[in-house]
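Student: Have a look at this prediction, sequence included:
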Amino acid sequence: MLYGVDIAIRKTNNLRMAPPIADILHRGAVLTLVGVSVWGVATGYMVHKNTLKKGREVRSVHGKGVMVC
């Protein structure tokens, strides 16, 4: 209940304390990693979609039974 006591003290004093620098850095790192992860998933999906499209084009040109190396 350390946090509960801390919140109670802040409410009684009506003071707004700035978040510690470690908290700000941690939030920045987490948001950056989330953003990079979302970007990676979206990019992976677009590459996969493009690969399937190119594969369909190759199959239509060379026929369905021919393997292209």
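Tutor: The structure has been received and is ready for your questions.
Student: Arg59: neighbour count?
Tutor: Arg59 sits with 13 neighbouring residues when counted by other Cβ atoms under 10 Å. C-betas here are computed from N, CA, C, even on glycine.
Student: Also Val34?
Tutor: Around Val34 there are 10 residues (other Cβ under 10 Å).
Student: Could I get the contacting residues of it?
Tutor: Under the criterion of Cβ atoms under 8 Å, 6 or more residues apart in numbering, Val34 has no neighbours.
Student: per-residue confidence averaged over the helix or strand containing Gly40?
Tutor: Taking DSSP states H and E as the definition, Gly40 sits inside helix 21-62. Helix 21-62 shows a mean pLDDT of 94.
Student: tell me the secondary structure for Met17?
Tutor: When classified by DSSP: H, G, I helix; E, B strand; the rest coil, Met17 comes out as coil.
Student: gap between it and Ala29?
Tutor: 22 Å (Cβ to Cβ, to the nearest Å).
Student: What of Trp39?
Tutor: In terms of Cβ to Cβ, Trp39 sits 16 Å off from Ala29.
Student: Ser60 too?
Tutor: 47 Å.
Student: got it, and Lys54?
Tutor: 37 Å.
Student: cool, Ser37 as well?
Tutor: From Ser37 to Ala29 the distance is 13 Å (Cβ to Cβ).
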